[in-house]
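*Asks:* Okay, here's the prediction I keep looking at, along with the sequence it came from:
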Amino acid sequence: MGVCISTTQRDMLWCGTVTQQTAHKNTMVICVLGRYLLKSSLCSRSWCRKSSLYSAGHGFQPEEIREKLRAYPGGAVDLLTQGDTGLAVLTVNNPSRMNAFSGAMMVELEERVSQLESWTQGKGLIVRGAAGTFCSGSDLNAVRAMSNPQDGMKMCMFMQDALTRLQRLPLVSVALVEGRALGGGSELSTACDFRLMTPDSVIQFVHKHMGLVPGWGGAARLVRLVGDRHALRLLGGALKVDPELGLRIGLADGVLEEGAPQDGDEGAALRQAEEWLSRYTKGPAEVIRAAKRVVSSGRELPLTEALRAEKEVFGTVWGGEANLGALAGKTKHK
Ligand SMILES: CC[C@@H](C(=O)O)C(=O)SCCNC(=O)CCNC(=O)[C@H](O)C(C)(C)COP(=O)(O)OP(=O)(O)OC[C@H]1O[C@@H](n2cnc3c(N)ncnc32)[C@H](O)[C@@H]1OP(=O)(O)O
């Protein structure tokens, strides 16, 4: 049995729904939880909580920003979750503009991330673009209309927040890069754990050509992925990263097979990506999600805090169903 001490109204609700314990109004509630319940509350108590990267003190007023972004409509961000496999597919869908992000799509992206944060059975996520290309960044029409510094900062904070929450999801995520990933599209690909490229695809941080640097978190993520020197080459030179270069510098994690679009089979790349991802998502959801959580904390936190976060996550699987099942058998790792 675990003990959860919750101090916020949301945590009280969270504990309340799973324990049926009564909470004293505005006071600390102590919930006695079983192992499963501790798992459910983990993220409400630790660094990976569903909180925003920015607060009002930074001028971050999400509802005001959403309203502003919704003024630039077009396209959609679609989410398909598969209960049986625990896989989800997120599709950036604005093919007439090479899947550029309209303002409304930025808001939809954040909504989809919220849905995935609440999907407790999920294990894997594929992020892709519609109609055989990944994403050409921000919709330039919206960018032109929002080119004043205040709106730029708002969009920047909003997208950093949405993509950071996407990266922190307890799901193993892969960007399926077909065609082009440009500007904000290249940044979106870095918010996934892995990147798979089709043979003719290109990832390009074109920001320099737009008189910009990445603003959706893409620079910070790129440095962590490929190191500062390669990151400077990609940003300073706006280099086109093809699969060969991507693999060499560690931006790409795999190259899919040739041939699918010529066969008129648009779903072939997606099936290959699902197959590739399945080796990391086979097994019980609580174990896969725990693996992603310890990697996320290791990726983001200083060592002492990462070790403490790891201990918390370890506590959710130690003596759990999968662990006890494995111990009950005659284990040999051949
Ligand atoms: C903050 C800014 C930064 C960020 O968020 O970090 C950005 O992302 S800025 C945007 C960066 N992206 C671009 O600059 C892309 C510019 N477009 C292109 O380079 C090319 O269109 C392409 C993506 C390489 C495709 O070329 P091609 O295959 O020759 O097709 P078309 O050029 O005919 O494109 C079809 C259609 O799509 C429109 N399009 C493409 N990208 C965007 C975009 N980002 N915003 C708005 N519209 C876009 C393009 O204009 C064509 O439309 P029509 O002319 O109406 O047919």
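*Replies:* Yes, it's here. Everything numeric in this text was worked out from a predicted model, so none of it was measured. Numbers count the residues shown, from 1 in each chain.

*Asks:* Quick check: residues of the stretch 201-334 of the chain near the ligand?
*Replies:* Residues of the stretch 201-334 of the chain lying near the ligand by CB under 6 Å from any ligand atom: 206-207, 210, 212, 214-216. From N, CA and C alone the C-beta is placed, and that goes for glycine too.

*Asks:* Now, of the residues you listed, which are buried?
*Replies:* Listed as buried from those are 206-207, 214-216; burial here means 16 or more other CB atoms under 10 Å.

*Asks:* quick check, nearest of these to Gly320?
*Replies:* Using CB to CB, Trp216 comes nearest to Gly320 of those, at 36.2 Å.

*Asks:* Inside strands: which ones of the buried ones among the residues of the stretch 201-334 of the chain next to the ligand?
*Replies:* Among these, none falls in strands (DSSP state E).

*Asks:* With respect to His333, which of those is nearest?
*Replies:* Taking those together and measuring to His333 by CB to CB, the closest member is Trp216, at 40.6 Å.

*Asks:* wait, what's in contact with that closest one?
*Replies:* 156, 159-160, 163, 184, 187-188, 191 (CB atoms under 8 Å, 6 or more residues apart in numbering).

*Asks:* Narrow those residues to those in helices?
*Replies:* Judged by DSSP state H, helices contain the following of the contacts of Trp216: 156, 159-160, 163, 184, 187-188.

*Asks:* Tabulate those residues (CSV), appending neighbour count, distance to the ligand and pLDDT.
*Replies:* Below are the ones in helices among the contacts of Trp216 laid out as CSV (neighbours: other CB atoms under 10 Å; distance: CB to the nearest ligand atom, whole Å; pLDDT from 0 to 100):
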residue, neighbour count, distance to the ligand, pLDDT
Cys156, 15, 8, 98
Met159, 25, 7, 98
Gln160, 22, 11, 98
Leu163, 24, 11, 98
Gly184, 27, 3, 98
Glu187, 27, 6, 99
Leu188, 29, 9, 99
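
*Asks:* what two of those have the greatest distance between them?
*Replies:* Maximum pairwise distance among the ones in helices among the contacts of Trp216 (CB to CB): 14.1 Å, between Cys156 and Leu188.

*Asks:* what about the strands in the stretch 101-250 of the chain?
*Replies:* Secondary structure of the stretch 101-250 of the chain (DSSP state E, counting those that start in this stretch): strands at 124-129, 172-177, 180-182, 194-197, 202-204, 240-241.

*Asks:* okay, now the residue in the stretch 151-300 of the chain positioned nearest to the ligand: neighbour count?
*Replies:* Using CB to the nearest ligand atom, the single residue of the stretch 151-300 of the chain nearest to the ligand is Gly183, 2.5 Å away. Number of residues near Gly183 (other CB atoms under 10 Å) recorded here: 28.

*Asks:* Tell me who's in contact with it.
*Replies:* Gly183 is in contact with 136-138, 204-207, 210, counting by CB under 8 Å, 6+ apart.

*Asks:* quick one: low-confidence ranges for the chain?
*Replies:* In the predicted model of the chain, residues 1-51, 259-264 satisfy pLDDT under 70.

*Asks:* Now for the residue nearest to the spatial centre of it: which residues touch it?
*Replies:* Residue closest to the average C-alpha location in the chain (CA atoms, centre = their mean): Leu166, at 2.4 Å. Applying CB under 8 Å, 6+ apart, one finds that Leu166 lies in contact with 109, 113, 116, 127, 173, 191-192.

*Asks:* The nearest residue to Glu64 once chain neighbours are set aside: neighbouring residues, count only.
*Replies:* If the residues on either side of it in the chain are set aside, Glu64 comes closest to Lys154, at 7.8 Å by CB to CB, 6 or more residues apart in numbering. Other residues within reach of Lys154, judged by other CB under 10 Å, total 21.

*Asks:* now the one 3 residues further on
*Replies:* The number of residues packed near Met157 is 22, by other CB under 10 Å.

*Asks:* I'd guessed it sits against Gly57; true?
*Replies:* No: counting by CB atoms under 8 Å, Met157 sits too far from Gly57 to count as a contact (11.7 Å).

*Asks:* Mutual contacts of those two, please.
*Replies:* Shared contacts of Met157 and Gly57, defined by CB under 8 Å, 6+ apart, are not found at any residue.

*Asks:* give me the element Asp78 is part of.
*Replies:* Assigned by DSSP states H and E, Asp78 falls within strand 76-82.

*Asks:* wait, does the first helix or strand past that strand going along the chain make contact with the ligand?
*Replies:* Per DSSP H and E, strand 76-82 leads on to strand 87-93 as the next helix or strand towards the C-terminus. No: Strand 87-93 is not in contact with the ligand by CB under 6 Å from any ligand atom; minimum separation 11.5 Å.

*Asks:* can you redo the ones in helices among the contacts of Trp216 as a markdown table with distance to Gly122?
*Replies:* A markdown table is the format used below for these (distance: CB to CB, whole Å):
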| residue | distance to Gly122 |
| --- | --- |
| Cys156 | 28 |
| Met159 | 22 |
| Gln160 | 23 |
| Leu163 | 18 |
| Gly184 | 25 |
| Glu187 | 23 |
| Leu188 | 19 |
